[in-house]
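Enquirer: compute the structure for the input listed below.
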Amino acid sequence: MTGANLPNMLPTMLPRLWAFALRLCGDQHDAEDLVQKACVRALEREHQLQPGTTPLSWMFSIVHSIWINELRARRVRSRSSIEWDDDFLDMVADRTTGTPEEHVMNGQIINAVQRLSESQRLVMLLIAVEGLSYSEAAEALGVPVGTVMSRLSRARQAIGSLLGEREDQKTKSAGSGKESRS
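Expert: Just a heads-up that it's a prediction; the model follows:
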């Protein structure tokens, strides 16, 4: 695969790039700007797309790189930390399907993913949401495959712990309610 096919491939990649950008930055307008900048950069540097490189993971890498640069610029301008904004999740979720219980569980999972470190959240998004392989995610993030596997493992453990804590709290509060009735 050479960069010569990139202009023809970009339109089919746009929905996934936009969804990834939206999950990264949490704002629809920022996501649109991010994807636009990534497409321009990719087209300007299409000669750098190496044979054997997956174009989608290369594009994810560009989106991620531009976002990191944007975060750094914002930190310099504002001298404050960037907070994860969970308002965008309502725009992404498909609320027309599933039971109320599934919606509650999905909300709990989303909240747990939001509490992950950025490096773990990125790996989780690329693999679990975007469906990239470990090697494609490693390529997109510019890290070894082992690092991706390690971050994903820690992310899964953290999510499991967070969900387990919530279940324990529900059990304790349900148990205390029964005791007060007797």
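Enquirer: low-confidence ranges in the chain?
Expert: 1-4, 77-98, 166-182 (pLDDT under 70).
Enquirer: domain ranges for it?
Expert: 1-88, 93-175 (automatic domain parsing).
Enquirer: would you reformat the ones you listed as a markdown table and include mean neighbour count?
Expert: Every residue, glycine included, has its C-beta placed from N, CA and C. As requested, the domains of the chain are exported to a markdown table (neighbours: other Cβ atoms under 10 Å):
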| stretch | mean neighbour count |
| --- | --- |
| domain 1-88 | 16 |
| domain 93-175 | 15 |
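Enquirer: quick check, central residue of this structure?
Expert: Here the mean C-alpha position of the chain is nearest to the C-alpha of Leu125 (Cα atoms, centre = their mean), at a distance of 3.3 Å.
Enquirer: residues contacting it?
Expert: Going by Cβ atoms under 8 Å, 6 or more residues apart in numbering, Leu125 touches 20, 23-24.
Enquirer: go again with 10 Å.
Expert: When contacts are counted by Cβ atoms under 10 Å, 6 or more residues apart in numbering, Leu125 touches 19-20, 23-24, 60, 64, 113, 116, 132, 137, 155.
Enquirer: show me those residues that map onto helices.
Expert: Of those, the ones assigned to helices by DSSP state H are 19-20, 23-24, 60, 64, 113, 137, 155.
Enquirer: put together JSON lines for those residues, with distance to Glu70 on each row.
Expert: Output for these, formatted as JSON lines (distance: Cβ to Cβ, whole Å):
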{"residue": "Ala19", "distance to Glu70": "18"}
{"residue": "Phe20", "distance to Glu70": "14"}
{"residue": "Arg23", "distance to Glu70": "15"}
{"residue": "Leu24", "distance to Glu70": "10"}
{"residue": "Phe60", "distance to Glu70": "15"}
{"residue": "His64", "distance to Glu70": "11"}
{"residue": "Val113", "distance to Glu70": "21"}
{"residue": "Ala137", "distance to Glu70": "21"}
{"residue": "Ala155", "distance to Glu70": "23"}
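Enquirer: closest to Leu43 among those?
Expert: Phe60 (15.9 Å; Cβ to Cβ).
Enquirer: which residue, other than its chain neighbours, is closest to that closest one?
Expert: Ala140 (4.0 Å; Cβ to Cβ, 6 or more residues apart in numbering).
Enquirer: I'd say the one you found and Pro55 touch.
Expert: No. Using Cβ atoms under 10 Å, Ala140 is not in contact with Pro55; the gap is 11.1 Å.
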